[in-house]
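> Take this sequence and fold it.
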Amino acid sequence: MENYIQTDVKDGYAILTLTRPEARNALNTSMLRQLAEELSRFDREPDIRVVILTGADGNFASGADIGEIAEKTAIDGVHDLRLHSWETIARFRKPLIAAVEGYCLGGGFELAQRCDLIVAADNAIFGQPEVRLGLIPGAGGIQRLTSLLGKSRAMRLLLTGETITGAQAFDWGITSHKTLPGDSLTTAEELAAKLARGAPLALQFTKQAVLTALENYDGFALERRSFELLLSTDDKAEGIEAFRSKRQPVFRGR
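Sure, this is the predicted structure:
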């Protein structure tokens, strides 16, 4: 099995690099499983107090793997193996930092939103373009963006599928730190080293309290059910075929 996660252990923190550059680090099932396994391992490792997620070759993650989604039905969505991986990532107790360069779209943006701090280059590209494929985010993107941005800006991104820059994302409060292109990982490492010197239990309890205050679990369940239903629509098939053919989709509402 191909290894999609590069792991580097530092003094008090670890760096996990998404490594699928030929697909701009698109998240397939194997990559998500490997990422979840590494996070589970570091959750139990007392010497690792912080984890950084980043992407290889100038991109964070360009989205979910379109080839996998293309053939999925609503029933497949209910039994999707990726759900367990997403839940494992969400349960990670320690501070999680995203270092973002280049594309951070769709499932990649949802992964970044699951991090506690996002350090992004000012020319990075963020967005949830699922609506253009006849789909919606399926890993919490709607809930988290609405919590972060409020109704108007969340609707703008989610209904249009438009993208924004890292500079805009910082101004809107999506990211916690803005850097020059190429500097996101260096800044994230400086931040991780600082956090690693803190009180581990205090950091973990702070993270838990903030997430408990923000996350609406009924909303996450509704979002996931809606995503699963859309997998079996003609519009989803048309959206993905149009994306692959580089043409405008013709949606018919069925």
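> who does the strand or helix carrying L211 touch, helix- and strand-wise?
Using DSSP states H and E, L211 sits within helix 200-214. The contact analysis (3 or more CB pairs under 8 Å, 6 or more residues apart in numbering; DSSP states H and E) places helix 200-214 against no helix or strand. C-beta here means a position set from N, CA and C on the backbone, and glycine is covered the same way.
> Could you check how far it is from the centre of its chain?
How far helix 200-214 lies from its chain's middle: 20 Å, per CA atoms, centre = their mean, to the nearest Å.
> What lies in contact with that helix?
By CB atoms under 8 Å, 6 or more residues apart in numbering, the list of residues contacting helix 200-214 from outside reads 46, 49, 93-95, 116, 147, 195.
> Just the buried ones among those residues, please.
49, 93-95, 116, 147, 195 (16 or more other CB atoms under 10 Å).
> Which one of these is nearest to R254?
S147 (31.7 Å; CB to CB).
> if I look at that closest one, how far off is V9?
To V9, S147 is 32 Å away according to CB to CB, to the nearest Å.
> just L27 next, same as before
Using CB to CB, L27 is found at 23 Å from V9.
> who has more neighbours, those two?
L27 (27 against 12; other CB atoms under 10 Å).
> Any buried residues in stretch 58-65, and which?
Neighbour counts using 16+ other CB under 10 Å place 59-65 of stretch 58-65 among the buried residues.
> Pipe those residues into a markdown table and attach pLDDT and secondary structure per row.
Putting those into a markdown table (pLDDT from 0 to 100; DSSP: H, G, I helix; E, B strand; the rest coil) gives the following:
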| residue | pLDDT | secondary structure |
| --- | --- | --- |
| N59 | 98 | coil |
| F60 | 98 | coil |
| A61 | 97 | strand |
| S62 | 94 | coil |
| G63 | 88 | coil |
| A64 | 82 | strand |
| D65 | 81 | coil |
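> could these go into TSV alongside distance to T17?
Putting the buried residues of stretch 58-65 into TSV (distance: CB to CB, whole Å) gives the following:
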residue	distance to T17
N59	11
F60	10
A61	11
S62	15
G63	17
A64	18
D65	18
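> of those residues, closest to T175?
Distances from T175 to these, taken by CB to CB, are shortest for F60, at 11.4 Å.
> Hmm, the closest one is touching E110, no?
No - when contacts are counted by CB atoms under 8 Å, F60 is not listed as touching E110 (11.4 Å).
> Show me where the stretch 101-250 of the chain has its helices.
Here the stretch 101-250 of the chain has its helices, by DSSP state H, counting those that start in this stretch, at 107-113, 141-149, 151-160, 166-171, 184-196, 200-214, 217-230, 234-245.
> In the fourth one, which residues are buried?
Spelled out, that is helix 166-171. Going by 16+ other CB under 10 Å, helix 166-171 has these buried residues: 166, 168-170.
> Equivalent analysis for stretch 38-56, please.
38-39, 42, 48-56.
> Also stretch 169-178?
169-170, 172, 174-175, 177-178.
> Now tell me what touches that stretch from outside.
100, 113, 117-122, 124, 126, 145, 148-149, 153, 164, 166-167, 187-188, 191.
> let's see it at 10 Å
Here stretch 169-178 makes contact (CB atoms under 10 Å, 6 or more residues apart in numbering) with 97-100, 104, 109, 112-113, 115-122, 124-127, 144-145, 148-150, 153, 157, 163-168, 179, 183-184, 187-188, 190-191.
> And P137, how close does it get to D47?
Counting by CB to CB, the gap from P137 to D47 is 35 Å.
> next one: A192
13 Å.
> list residues touching both of the two?
11-14.
> In strands, which of those residues appear?
13-14 (DSSP state E).
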